[in-house]
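Novice: Fold the following and give me the result.
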Amino acid sequence: MNMTKCVFSLAAVFVVAPLFAATYYVSPTGSPEASGTESDPLDLATGIEKCYSYSHDELRFLPGTYMCGNPNNTYWQIIGGDTTFTGWGATRDDVILDYEGAGRTFRITNGRVSNLVITNFNCGSGTAAVNVFGGGILSNCVVTCGRSYGVNPAIEAALVVDCEISHIDGVGATYGAAIGNNSADARGKIVRCFVHDNVYPGNSTGGAGGYLKYGEVNSCVFSNNISAAWGGGLLVVNSVRILNSTFYENSSASVGGGAISMSSNCLLDNCTFVQNSCTGSGGALYCPTATGVAVRNCLFNHNATWREAADADIDSVTVKSTCVFSSASNQNCFNAENGNLVVADPLFVDAAQGNYRLQRKSPCVNKGLPLDWITADARDLDGGPKNPRLVGAFVDLGCYEYQPVLFGSCIYLR
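Specialist: Modelled structure (predicted):
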């Protein structure tokens, strides 16, 4: 694979903005004297410099590995709005930005970053490693094997969609390790992402998988994230909706919330929690002083805390149509009222192999409440046209909908 070494020593460069947006191509073997077309690409340093403007330029990365280590720990700061960075390969794995353990990545106002692998970064204080702030979007990217030791997490964006974020060490970070949104920005969303094996070793706040203030998490998987403080999977602060997602084998080694630590006015719908744990309180959920929190159509299975036999240490929470198996609550929130199923085996397809889809005879099938977001267009966690969120009269509990299997002219119905 072609590799080139690019060192950036300026935090920002101001140039006169062009009258019209431009598209530039870069390559690991590109030249600073090139024209910037696909057949005559620039080197990366020159391509970045051309995008330092108040324009709407697009930078297209041709396949290869770009060695981007920066001993000065500065970053590519694109001052202009709506700049786009796009990996121009057949898959996102074809373009790799390797920061060699030295340096942050980029900071773009209202930017769009897609189809890239971003790895081996070392985020300093004051900004996220991957920062597409304002209305920025990070899509179809892999962000992995980095350190976030400043205030902010590895990623800050208004929308993070179809990404895999893993193996981030949030040592010293204040607002989560992997993904963060600490602004009063209701647009903040994490959608269809796989967030796993991230670590928050500090004792400031928490959220190894993410820290979210306002916004939404939809159709995501959080797995094996470990926090030394609150929230192994997520730490959510005020008015966050979490829909259609799975949290398994996350842990908090201190205060509470193996999967999620929540504050007030949060909504949790059709989520599945399996084998999350905490040494404090709340093997799955922790929100001891929260108000206005609702848990609906969820599924809890074999979550544990070392201090108390509790699935969730929660107050002032409405729990409806939720299944709890081999988990207990020291607050007695998970009772048989409000349509809850207590001590009912959910009958996963293969829990030992991480398959938390429901069998046909699961007691969780057709037991959910009708909710406003569960429409004809909604999909379960598997997504796609063959996986509608609603099959039959009522939605199923958890993040997966049982899909009837067609055998010849016979179909299993509920």
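Novice: which residues of this protein fall in helices?
Specialist: When secondary structure is read from DSSP state H, the chain shows helices at 44-50.
Novice: Considering only helices and strands, which part of it has the lowest mean pLDDT?
Specialist: Sorted by mean pLDDT, DSSP states H and E, the helices and strands of the chain end with strand 3-5, the least confident at a mean of 47.
Novice: what separates stretch 142-157 from the chain centre, distance-wise?
Specialist: Distance, stretch centre to chain centre, for stretch 142-157: 12 Å (CA atoms, centre = their mean, to the nearest Å).
Novice: Keeping just the C-alphas, turn that stretch into PDB.
Specialist: In PDB, the C-alpha atoms belonging to stretch 142-157 read as follows (Å, rounded to 0.1, in the frame of the first residue of the first chain):
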ATOM      1  CA  VAL A 142     -13.900   4.000  11.300                       C
ATOM      2  CA  VAL A 143     -12.300   6.000  14.100                       C
ATOM      3  CA  THR A 144     -10.100   3.700  16.100                       C
ATOM      4  CA  CYS A 145      -7.000   3.300  18.300                       C
ATOM      5  CA  GLY A 146      -6.600   6.900  19.600                       C
ATOM      6  CA  ARG A 147      -6.200   8.900  22.800                       C
ATOM      7  CA  SER A 148      -8.300  11.800  23.900                       C
ATOM      8  CA  TYR A 149      -6.500  13.400  26.900                       C
ATOM      9  CA  GLY A 150      -7.900  16.900  26.700                       C
ATOM     10  CA  VAL A 151     -11.300  18.300  27.700                       C
ATOM     11  CA  ASN A 152     -13.200  16.800  24.800                       C
ATOM     12  CA  PRO A 153     -13.800  13.300  23.500                       C
ATOM     13  CA  ALA A 154     -12.400  11.800  20.300                       C
ATOM     14  CA  ILE A 155     -15.300  12.900  18.100                       C
ATOM     15  CA  GLU A 156     -17.600  15.900  18.100                       C
ATOM     16  CA  ALA A 157     -20.200  16.300  15.400                       C
END
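Novice: buried set for it?
Specialist: Across stretch 142-157, burial judged by 16 or more other CB atoms under 10 Å covers 142-148, 150-157. Yep, even glycine has a C-beta here, placed from its N, CA and C like the rest.
Novice: how about low-confidence regions in the stretch 101-250 of the chain?
Specialist: Within the stretch 101-250 of the chain, the ranges that satisfy pLDDT under 70 run 103-104, 124-128, 133-134, 150-151, 182-187, 203.
Novice: could you redo the last one with a cut-off of 80?
Specialist: Within the stretch 101-250 of the chain, the stretches with pLDDT under 80 are 102-110, 123-135, 148-153, 172-175, 181-188, 202-204.
Novice: How about the contacts made by Ser261?
Specialist: Taking CB atoms under 8 Å, 6 or more residues apart in numbering as the definition of contact, the neighbours of Ser261 are 206-207, 230-231, 234-236, 252, 255, 282, 285-287.
Novice: Let me know the closest of those to Arg360.
Specialist: Ranking those by separation from Arg360, with CB to CB as the measure, puts Leu285 on top at 28.8 Å.
Novice: since we're on that closest one, how many residues are nearby?
Specialist: As a burial measure, Leu285 scores 36 neighbours (other CB atoms under 10 Å).
Novice: That one and Ala294 touch, don't they?
Specialist: No. Shown here, Leu285 and Ala294 do not form a contact pair, counting by CB atoms under 8 Å, at 11.9 Å.
Novice: Identify the contacts common to those two.
Specialist: Among the neighbours of Leu285, those also in contact with Ala294 (CB under 8 Å, 6+ apart) are Leu268.
Novice: What spatial separation is found between the nearest residue to Gly339 once chain neighbours are set aside and Pro385?
Specialist: In this structure, Gly339 finds its nearest non-sequential neighbour in Ser321, 4.1 Å apart by CB to CB, 6 or more residues apart in numbering. When CB to CB, to the nearest Å is the yardstick, Ser321 and Pro385 sit 26 Å from each other.
Novice: Likewise for Val395?
Specialist: Val395 sits at a distance of 17 Å from Pro385 (criterion: CB to CB).
Novice: Across the sheet, point out what pairs with Ser114.
Specialist: Here Ser114 shows beta-bridge partners Thr86, Ser139, assigned using DSSP bridges.
Novice: wait, Cys51 sits on Phe61?
Specialist: No. Contact between Cys51 and Phe61 fails when scored by CB under 8 Å: they sit 12.0 Å apart.
Novice: what about Val395, neighbour count?
Specialist: 25.
Novice: so what's Leu243 up against?
Specialist: Contacts of Leu243 were listed using CB under 8 Å, 6+ apart, and they are 216-219, 267, 269-271, 373.
Novice: so what's it bridging to?
Specialist: Using DSSP bridges, the beta-bridge partners of Leu243 come out as Asn218, Asp269.
Novice: Throw the contacts of Leu243 into CSV and include neighbour count, thanks.
Specialist: Formatted as CSV, those follow (neighbours: other CB atoms under 10 Å):
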residue, neighbour count
Glu216, 19
Val217, 29
Asn218, 20
Ser219, 23
Leu267, 19
Asp269, 23
Asn270, 31
Cys271, 29
Trp373, 15
